[in-house]
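In: model this:
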Amino acid sequence: MSTATEQRIDAVLTGDVVAHLNTQMASARRMLAIVLEQATAIRQRSVPNIVRLAGALQAEIHRREAIELERTQLMERAGGKLGIPAGDVSITLLTTVMDEQNAEVVRSRTAELRGMLSEIQREHETNRALMQQELSFLDHLLRLAGSPGGYSAAGRIAMRKRNPMTRQPVFELEA
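Out: Presented below is the predicted three-dimensional model:
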C-alpha cells in the first residue's frame with residue numbers, strides 16, 4: 001500500500017460506518033419481521049395483533065429517525081474527508097477512505113440493506129392493500145346490513161320503516 005493511500009484511509013470513519021451499517025441492518029431486520037408478522041395478522045383478521053404490530057412498526061420507524069441522523073453525520077464527516085458536500089458522498093467514494101477488506105464489507109452490507117429495504121417497502125405496500133380490501137369488505141357488509149344506528153341514509157330510512165315511532169327529521173337532505 002502506498003503512503004498516499006495510507007494517508008487517505010480513515011480507520012475511525014471506517015469503523016463508524018461499519019458499525020452504522022450493522023445498526024441499519026438490525027433495524028431493517030426488525031422492520032421486516034414486523035411487516036411479515038403483520039401480513040399474517042391481517043390475513044387472520046386478528047385485530048389485536050394488527051394494532052400491536054402497527055405500534056411496533058411505528059416505534060421502529062421512530063428509532064430509524066435517530067439512525068438516519070447518525071447516517072447524515074457520517075456523510076458529513078466523509079464529505080469533509082473527501083472535500084465534497086455530504087450529499088455527494090456515494091458508497092464508491094466512501095470506500096476510497098477505507099482499506100480494501102472493510103470497503104468490501106461496506107459494499108456488501110449496503111447492497112444487502114438496499115435489498116432488505118426494498119422488500120420491506122414491497123411487503124408494507126402489500127399489507128396496506130390487504131387492509132384496504134378488508135376495510136372495503138367491512139364497509140360493504142355494513143351497507144348490506146342496513147347498519148342500524150345510522151351508518152347510511154338508507155339504513156336510517158330502513159330503521160324508521162321498521163319502527164314508526166322513531167323521530168324523523170323534518171328535512172333529509174344529501175349534498
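In: The helix or strand hosting Ile50 packs against which elements?
Out: Using DSSP states H and E, Ile50 maps to helix 47-82. If you count contacts as 3 or more C-beta pairs under 8 Å, 6 or more residues apart in numbering; DSSP states H and E, helix 47-82 packs onto helix 11-44, helix 91-94. Quick note: C-beta positions are derived from backbone N, CA and C, even for glycine.
In: Tell me the buried residues in it?
Out: For helix 47-82, burial by neighbour count (16 or more other C-beta atoms under 10 Å) applies to 50, 53, 56-57, 60, 64, 67, 71, 74-75, 77-79, 81-82.
In: Give the helix, strand or coil label for Ile84.
Out: coil (DSSP: H, G, I helix; E, B strand; the rest coil).
In: With Met75 as the reference, measure out to it.
Out: Computed as C-beta to C-beta, to the nearest Å, the Ile84 to Met75 distance reads 10 Å.
In: so what's in contact with the two at the same time?
Out: Listed as contacting both Ile84 and Met75 by C-beta atoms under 8 Å, 6 or more residues apart in numbering is no residue at all.
In: Okay, now the unreliable bits of the protein?
Out: In the predicted model, the chain carries pLDDT under 70 at residues 1-7, 147-175.
In: So in it, which helix runs the longest?
Out: In the chain, taking DSSP state H as the definition, the longest helix is helix 100-144.
In: what's the angle from it to helix 47-82?
Out: For helix 100-144 against helix 47-82, the angle by axes from the mean of the first three to the mean of the last three C-alpha atoms, to 10 degrees is 150 degrees.
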